[in-house]
Each structure stands twice: as structure tokens, then as C-alpha cells.
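Asks: Here's a sequence, model it:
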Amino acid sequence: MLPAAPQSQPILFTNATVHTVTNGVLLDSDVLIADGKVIAVSKDLELTTDPAAALATAQQSDHAQLINQAELISQAQIIDASDKHLYPGLIALDTTMGLVEVEMMRPSNDAYEVGFINPQLEAITAFNPDSEIIPTVRVNGITHAQVVPQGDGLSGQSALVSMDSWTIEDALVESKKQFHLYWPHVRWLSKDDDKRKEQLADLEHRVAKVFDAFSDGQRYLLAKQAGKIDKIDLRWQALAPLYEGNAQLFIHAQSQQQIEQAIALAKQYSFSIVIVGGYDAWRVADALAEVDAKVVYNQTLALPKRKDEPIDLAFKIPALLKQAQVPFALGFSSDWNSRNLPFAAGQSVAYGLTKDEALQSITLDAAKILDIDDMGAIAPGFKANIILATGDILDPMQAGIESIYIDGRKIDLNNRHQQLYQKYLKR
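Replies: Numbering: from 1, shown residues only. So this is what the prediction gives:
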């Protein structure tokens, strides 16, 4: 399973059902890609059956863009996509892709680090582009993944990676710095009064440590700007882009109390924040809007978190976020299990989202969460991350993915699962 070579020839998909995301669904349409970008999307790219005539017509018009487009069409590989679908590549948020190989084996799990305040740590340094898990996930249409460090407190920085690469440098997609803060919480409150008091006191202490850390980081930056730093502290030096508005803070929080505390932190320092989890985010939509916060909702297939809640509440929350006008994307917090991202989006269709909204939540909206403006759609100027399928991408049993392109490169869909399947067919 070798990474694909850079795109060397234009490709023209013809007669496809194109799920553009930005411009609805176009029937019997053509898509032209070249040099890793989408060049044109149209219901009828002019004279595609006679490229030479198209080029002559364009040259007569003396229109540079048309000439360039016609020249590309004349050189293109033609793929007849009649009765097939084109989708933008899916973006998996909040994963440990490439950090974990076998969950139960500590030597192959690089998702965690010791310590409560580690903003200087970068998950990408531990990313393994040769992971056997990556090909088994991308076969479901996931072309990119956000690689996120796990832990307590400030756990480090995440990065967006391509799911087909030789090296870390090849995989890395340029984006703003992304810091991750796991908001302190108590998983289960004890029924014993004394034990409960201890738990709550410890929780209060950990929340105070979070606020103290950001206070220390701000003072360090101010001292550095004033030229009064005697000793470099890598932790606070790494945090500087956050205070300067050149980074985002991803705050992992589920309950209303956690989210409100996170909003208070954002207000204090004017941080750009993303709530990851966001089970109760729809309940505090107005407060989130005050700080322009976004949400990565990762509980689509979860059970209720409270005894008195409807059994299907977690399924409905994407629709509730949409109704509350909270900017959100869907995530599936895992490594190998993130392959279920399109299924999770499909589940949300059964509980209030439209198909277009569900697809957007794992493509364009996911890119917007990361402040990336050229991924997640099939539109001119966007990266040519494209899925060719015979069915509905949100239904893994019917999707029928035939080929996947990342930056215009057709990637190998072979994987360990397929190899084992073929092996035991021959037993």
C-alpha cells in the first residue's frame, strides 16, 4: 500500500451526481480537477465530447480562464461517473489516528503524556503515517483527520493530517495552532457525603489550576514583550499564539457547568474557542454566541448522560444545535472507530438533520472548525479531495465507495481488513 504520486494528469468526471456541499446537489454534472485542485464544476462542461473543438472555441473567445479549462480537458483522463455520486472527502475531528496502534498495548499508545499543563507538546511528532489503522479508516471516505493529544488539563497541540502520506511532513496540512484543554470534571460523584466533598474540593482545585495556568501564560507573554524574561519556559512560550489571536483553544467539555466555565475563560482572555463534546451546548447557545464559539459534537451514538433524559436525546442534539444556530461539526472521538463517522452523520439524519446538513457537518463545517477555507466541498479552488461512490456515503452498508482522491491523487484502497478477508476466503 504505497502512497499515491502527485497528480500528473487532469481528470474529468462526467455525468455524476455531484454533492457540492456549497451549491447543493447537481445531477448529471461534470467535475474537472488538475494539480490537486477542483478547476470547474458544471452541469455541462462545454463540448467535453470534443476537447479539440472546445479548445478552438475557447481560443476564439480570447478568454484566459476558458482557454486554460479547455486545454486541461483536452489532456484529461475521462471517467464516466454515470449513475454514481461524487462527494468531498470527509474530515474526522478529535481522533487519535496514527497515535494508537493497539489500544491495550501501552508501547503502541502515544496519545497521552504525564502532567497537567503541557501546551508545548505536539501530537504530530508521535504520528505514524505507516499505521495499519489508517487504510482501514480511509476506505470509508475519510481523507483527513485531526490528530489530538489526550490527557488531563492542557494536553498539547493537535494537527490536521492527510490519510495518505510517506512522512509526517507529507501528511501535515497547514492550519492555525490548535491547543487542547480537557476541562476538569468528576466522572461519578460518590453517594458518601464525605467522599463527595473530597471529590468536589479536588474538582475546584483543578479548575483553579486551569485558570492559574492561563494567568501565568499571560504574565509570561507580557514580561517577554517587556524584555524582562530571564529564563525561557517552553510551556508559556508555546501558548503565546493563543493570546495573540493566532490559535484556537479546543476545550473538551460536556456538561452545562463545564461549558459555562469554559466561556468565562474565553471572555477573560478573548480566546477563540471550540467546545469538543458539547452534550449540553444547545442549552447555552446564547452564551456560546457571545464568544463566537464553535462545537465539535461527538456524542451522536451515545446514551443519555442523565437518568431523566429521553433515550434518544444524544441522537437529536445535532438537530438541536442547528435549531439553536450554534456552528458545529460532527466528530467521532477514537482511532480505528472513527471509521464510523459517516454512519454517525447518517444517524443524525434520522433525528432531525437533512442529508445535506449531515454531509456538511463532516466536510465543510469540519474544515471551518479548523479555520480552513479550501477543503470540504466540491467547488472551484477547493482541494481535490473527492470520493466516487455508487450509493449514499452516509450509509456504510450501501455507500459502495469505488475510489478516493486526496489532492487529486488516486489512493490505494487496499487495507489489512481486505487482505485478511481475501486470505480466509481461500482457506
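
Asks: From here on, just use CA atoms for contacts and neighbour counts.
Replies: Noted.

Asks: if I pick the closest residue to residue 82 other than its chain neighbours, what's in contact with it?
Replies: Leaving aside its chain neighbours, residue 82 sits nearest to residue 15 (4.9 Å; criterion: CA to CA, 6 or more residues apart in numbering). In this structure, residue 15 makes contact with 27, 28, 29, 30, 43, 80, 81, 82, 83, judged by CA atoms under 8 Å, 6 or more residues apart in numbering.

Asks: Try it again at 10 Å.
Replies: Contact analysis of residue 15 by CA atoms under 10 Å, 6 or more residues apart in numbering lists 26-31, 42-44, 79-85.

Asks: buried stuff in stretch 266-279?
Replies: Within stretch 266-279, the residues that count as buried by 16 or more other CA atoms under 10 Å are 266, 271, 272, 273, 274, 275, 276, 277, 278, 279.

Asks: of all these, which two lie farthest apart?
Replies: Using CA to CA, the pair of those lying farthest apart is 271 and 279, separated by 21.1 Å.

Asks: circling back: list just the nearest of the contacts of residue 15 to residue 226.
Replies: Residue 226 has its nearest neighbour among the contacts of residue 15 in residue 31, at 54.1 Å by CA to CA.

Asks: for stretch 27-36, the distance to its chain's centre please.
Replies: A distance of 23 Å separates the C-alpha centroid of stretch 27-36 from that of its chain, computed with CA atoms, centre = their mean, to the nearest Å.

Asks: ah, wrong one, I meant stretch 30-50
Replies: On the basis of CA atoms, centre = their mean, stretch 30-50 sits 27 Å off its chain's mean C-alpha point.

Asks: just stretch 350-369 next, same as before
Replies: Here the centre of stretch 350-369 is set off from its chain's centre by 12 Å, with CA atoms, centre = their mean.

Asks: and what of stretch 7-19?
Replies: 24 Å.

Asks: Show me which residues of it are buried.
Replies: 7, 9, 10, 11, 12, 13, 14, 15, 16, 17, 18, 19.

Asks: Quick check: the first one vs residue 405, distance?
Replies: Using CA to CA, to the nearest Å, one gets 10 Å for the distance from residue 7 to residue 405.

Asks: what residues do the two have in common as contacts?
Replies: Applying CA under 10 Å, 6+ apart, one finds that residue 7 and residue 405 are jointly contacted by 36, 384.

Asks: Contacts only, for the spatially closest residue to residue 353 that is not a sequence neighbour.
Replies: Spatial nearest neighbour of residue 353, excluding adjacent residues (CA to CA, 6+ apart): residue 319 at 5.3 Å. Contacts here follow CA under 10 Å, 6+ apart; on that basis residue 319 touches 282, 325, 348, 349, 350, 351, 352, 353, 354, 357, 358.

Asks: Confirm residue 319 sits in a helix?
Replies: Yes. Judged by DSSP: H, G, I helix; E, B strand; the rest coil, residue 319 forms part of a helix.

Asks: coming back round to it: so which of the buried residues of stretch 7-19 belong to strands?
Replies: Counting by DSSP state E, the members of the buried residues of stretch 7-19 that fall within strands are 11, 12, 13, 14, 15, 16, 17, 18, 19.

Asks: Could you list every helix and strand in contact with the helix or strand encompassing residue 86?
Replies: Following DSSP states H and E, the helix or strand that holds residue 86 is strand 85-88. Contact here means 3 or more CA pairs under 10 Å, 6 or more residues apart in numbering; DSSP states H and E; on that basis strand 85-88 packs against strand 11-19, strand 25-34, helix 355-361, strand 386-389, strand 401-406.

Asks: how's this protein carved up into domains?
Replies: Taking automatic domain parsing as the reference, the chain has its domains at 1-88+376-427, 90-375.

Asks: can you put the ones you listed in a markdown table and add mean pLDDT?
Replies: Conversion of those to a markdown table gives the following (pLDDT from 0 to 100):
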| stretch | mean pLDDT |
| --- | --- |
| domain 1-88+376-427 | 88 |
| domain 90-375 | 95 |
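
Asks: separation between residue 342 and residue 91?
Replies: Computed as CA to CA, the residue 342 to residue 91 distance reads 10 Å.

Asks: Need the overlap of contacts for these two.
Replies: When contacts are counted by CA under 10 Å, 6+ apart, residue 342 and residue 91 are jointly contacted by 141, 142, 330, 331, 361, 362.

Asks: and which of those is nearest to residue 155?
Replies: Within the set of these, residue 331 lies nearest residue 155; the separation is 18.7 Å, counting by CA to CA.

Asks: quick one, phi/psi of the closest one?
Replies: When quoted as degrees, to the nearest 10, the phi and psi of residue 331 stand at phi -130, psi 170.

Asks: ok, now which ones touch it?
Replies: Remark: with contacts taken as CA under 10 Å, 6+ apart, residue 331 is in contact with 91-95, 145-146, 276-277, 295-300, 338, 340-342, 344-345, 361-362, 366.

Asks: try 8 Å
Replies: Shown in contact with residue 331 (CA under 8 Å, 6+ apart): 92, 93, 94, 296, 297, 298, 341, 362.

Asks: Just put the residues you listed in JSON lines and tack on neighbour count, secondary structure and distance to residue 133.
Replies: Compiled in JSON lines, the contacts of residue 331 are given as follows (neighbours: other CA atoms under 10 Å; DSSP: H, G, I helix; E, B strand; the rest coil; distance: CA to CA, whole Å):
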{"residue": "92", "neighbour count": "34", "secondary structure": "strand", "distance to residue 133": "14"}
{"residue": "93", "neighbour count": "31", "secondary structure": "strand", "distance to residue 133": "16"}
{"residue": "94", "neighbour count": "29", "secondary structure": "strand", "distance to residue 133": "16"}
{"residue": "296", "neighbour count": "29", "secondary structure": "strand", "distance to residue 133": "23"}
{"residue": "297", "neighbour count": "27", "secondary structure": "strand", "distance to residue 133": "23"}
{"residue": "298", "neighbour count": "24", "secondary structure": "coil", "distance to residue 133": "20"}
{"residue": "341", "neighbour count": "28", "secondary structure": "helix", "distance to residue 133": "15"}
{"residue": "362", "neighbour count": "27", "secondary structure": "coil", "distance to residue 133": "20"}
